[in-house]
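[1] return atomic coordinates for the entry below.
(2 chains)
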Amino acid sequence: MMNSKPSWQVLLALVLCTIAMATMPMLASEATAPMSNGTTTLVIGLIALSGVASFAMFSGLASAAVLFVGAHGAAWLLISGISGNEGTARMPYFLLLAAAWLLAWRCVAVLSAIRPVSKQVRTFLRLLIPAIFGAWILIIWEAVTRGAGVPFILLPPPSAIAARIGNSLPILLADVRQTIFKAVLFGYIVGCASGFIVAILADRVPFLRRGLLPIGNMVSALPIIGVAPIMVIWFGFEWQSKAAVVIIMTFFPMLVNTVAGLTASGHMERDLMRTYASNYWQTLFKLRLPATAPFIFNALKINSTLALIGAIVAEFFGTPIVGMGFRISTEIGRMNVDMVWAEIAVAALAGSVFYGVVALIERATTFWHPSVRGGRA
Amino acid sequence: MDRLRDRVFPVIAILLVIVAAWYAFAVYMNAPFQRDLDRRAGLTPGTVEFIGKTLSQPKPTMPAPHQVAQNFFENTFLRKVTSARSLVYHSWVTLSSTLLGFTFGTALGILIAVGIVHVIALDRSLMPWIIASQTIPILAVAPMIIVVLAAIGITGLIPKALISTYLSFFPVAVGMVKGLRSPDLMHLDLMHTYNASASQTFWKLRVPASVPFLFASMKVAVAASLVGAIVGELPTGAVAGIGAKLLAGSYYSQTIEMWAALVAGSVVAALLVVLVGFVGRVVERSMGGRPA
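    The predicted structure is shown next:
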């Protein structure tokens, strides 16, 4: 059985533990609240025991569970041990952190090798594995910034960012309302709709299609974001100028994708519609638009990110005193880095939710399409 | 001849329509200000004269195409390339950080793709995050990267190139994963019957199969890294580069300069994409591929 074989990750982790023991103590002597010997022993013990135990387990799941507990327990002890002693960590601290991370890696590797039969377990694993990966980015970020005493301005620890988000919810909400609910949504809807309508027009008039498609393709490579300052001059500082940038940025992807999608229905199907004596619009609505749906949703997904970027960057060029781009550019000027990170976290969350909503709508409306039925996009 | 009629003519016609619409729009946008000027000066120009004036304002709301073209021509070809007003100079500043970031981004993307294809744990844990990372409006981070790195003494090319790297690694990573996985089972089985090792399969089958994917994604990546470099120039307080030129233009309402900078950026983007496409064709041909 593959899982019972000693793995290089665990072996390396054990080696790191040994070196760490040889180079104790974990914190420099000026630490105000040094870690007790018990904690240190517990960390090393957790890592070593769970590493060794993972060899002995016969099922992959049990071995992964042991590794999971060992890695995260050790990480938690390390992080809680460093509080009050920021910036005093010595080499053993980082060695133990690396060892815990190696165990987590091994855990992910074991989990990835499992081929569960039931569908629920498979879905659960598909979510759990990236979740562990993401959690370890945060753990290493937190442990290293606090352990090594990285200057707050350079990179605040995630806990400080979370605290900042909790403290300034009203400001963040106001920014989200200004940027997303006013500028992004309006621009996104208008931009996508107009791109779609022009695509239908281009489909109706072949001359227009032959002329517009190369131009549309070329424009998608251009740095359109540069029109932001021009739009601010035209439409003023309020959200209308941001919406205008979003409209321009979302128009072309929608146009190009829809035109490409309208040619996606096969000749056979179109011939069938002809034998039914259906006219252009009947063919369009009953055959070609449904066949275009994956392309349209692709454009909608691309645009969900582009719209946020457009609105935020346009705010760098001038806004009323609210908005995500405004907050980022002013708070960074005042070196309130944690506020900037909080705003970025909110933007990331908003972007993911936006994308997720579009993806959900896609699943609900194009459930019949092979790319959705097969479960692989 | 058919090619001319079917391809070139429609594009030129549409471009002409766009230019005509641009002129009409310029007249419409500049008319209120011009009317205001004329009223104060007590002038009552005729329609033709009035339209001529709207198209030749020094700081128009919407510059006319010929004004932009003239400014672009002057600042590109007539100035010394070392002059701070030369668009060539600004384009070069932006281009250098674009290329640096693009190189890093491509290398990183290929590295990640190789890892994802060969290590199943990476595939399961990293791939979802790579996709998720693109739903984040990452350009929002640009000012912070610039200012923070400046605070610890790193300025100039590197911070801008970092933003370009971030924007350009994703298309390459995703495209290369697709490309490295593109050999089908038959080919992999053939390598198996040859008793080929993993590295032989990689170098002799997977890498050649992935080359068309690589260049297709590099086209997207190079455009993205140019956007990254331009946005990266915004918070540095307008020193040099196309982004700085845009920012300076927006401070002083020099709309013609802004449009010319925008045109310069577009020219650079088009050149980069064409160049990548050209290199891609040369490489494919030298590998024995036939034009499809």
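
[2] and chain B, what are its domain boundaries?
    According to automatic domain parsing, chain B comprises the domains B:2-62, B:87-286.

[3] stretch B:206-226 vs chain A: in contact?
    Yes: taking C-beta under 8 Å from any C-beta of the partner chain as the criterion, stretch B:206-226 and chain A are in contact, through B:219, B:223, B:226. Every residue, glycine included, has its C-beta placed from N, CA and C.

[4] just the buried positions in that stretch, please.
    The neighbour-count check on stretch B:206-226 (16 or more other C-beta atoms under 10 Å in any protein chain shown) flags B:206-207, B:209-226 as buried.

[5] just checking the distance from it to the centre of its chain.
    Relative to the centre of its chain, stretch B:206-226 is centred 14 Å away, using C-alpha atoms, centre = their mean, to the nearest Å.

[6] average pLDDT across it?
    Taken as a whole, stretch B:206-226 has an average pLDDT of 88.

[7] again, but for stretch A:110-117
    80.

[8] mind exporting it as PDB, just the C-alpha atoms?
    Provided in PDB are the C-alpha atoms of stretch A:110-117 (Å, rounded to 0.1, in the frame of the first residue of the first chain):
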ATOM      1  CA  VAL A 110      -2.500  11.500   0.600                       C
ATOM      2  CA  LEU A 111      -5.900  13.100   0.200                       C
ATOM      3  CA  SER A 112      -5.300  13.700  -3.500                       C
ATOM      4  CA  ALA A 113      -4.500  10.000  -4.000                       C
ATOM      5  CA  ILE A 114      -7.700   8.900  -2.500                       C
ATOM      6  CA  ARG A 115     -10.400   7.900  -5.000                       C
ATOM      7  CA  PRO A 116     -13.600   7.900  -3.100                       C
ATOM      8  CA  VAL A 117     -16.600   6.000  -4.400                       C
END
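
[9] does chain B sit close to that stretch?
    Yes: in terms of C-beta under 8 Å from any C-beta, part of stretch A:110-117 sits within range of chain B, namely A:111, A:112, A:113.

[10] which bits of the stretch 101-250 of chain A sit near chain B?
    A:105, A:108-109, A:111-113, A:126, A:129-130, A:132-134, A:151, A:153-155, A:207-208, A:210-212, A:214-215, A:218, A:220-223, A:225-227, A:229-230, A:232-234.

[11] hmm, back to that, and of the domains of chain B, who's closest to residue A:186?
    For those, distance to residue A:186 was read as C-beta to C-beta. The smallest value, 16.8 Å, belongs to domain B:87-286.

[12] just the terminal-to-terminal distance for that closest one.
    Domain B:87-286 has an end-to-end distance of 36 Å (C-alpha to C-alpha, to the nearest Å).

[13] quick revisit: tell me which of the domains of chain B sits most buried.
    The highest average neighbour count among those, using mean count of other C-beta atoms under 10 Å in any protein chain shown, belongs to domain B:87-286 at a mean of 20.

[14] distance between that one and the chain's centre?
    Chain-centre distance of domain B:87-286: 10 Å, with C-alpha atoms, centre = their mean.

[15] next: stretch A:83-96.
    30 Å.

[16] per-domain residue ranges of chain A.
    A:2-150, A:165-373.

[17] of all these, which one is nearest residue B:19?
    domain A:165-373 (12.3 Å).

[18] for the stretch 101-250 of chain B, which residues are neighbours of chain A?
    B:120-121, B:123-129, B:132, B:134-141, B:143-144, B:147-148, B:151-152, B:219, B:223, B:226-227, B:230-231, B:234-235, B:242-243, B:246-247, B:249-250.

[19] does stretch A:339-356 come close to chain B?
    Yes: Stretch A:339-356 reaches chain B (C-beta under 8 Å from any C-beta) through A:340, A:341, A:343, A:344, A:347, A:348, A:351, A:352, A:354, A:355, A:356.

[20] mind checking which of those residues are in helices?
    Using DSSP state H, the members of the residues of stretch A:339-356 next to chain B that fall within helices are A:340, A:341, A:343, A:344, A:347, A:348, A:351, A:352, A:354, A:355, A:356.
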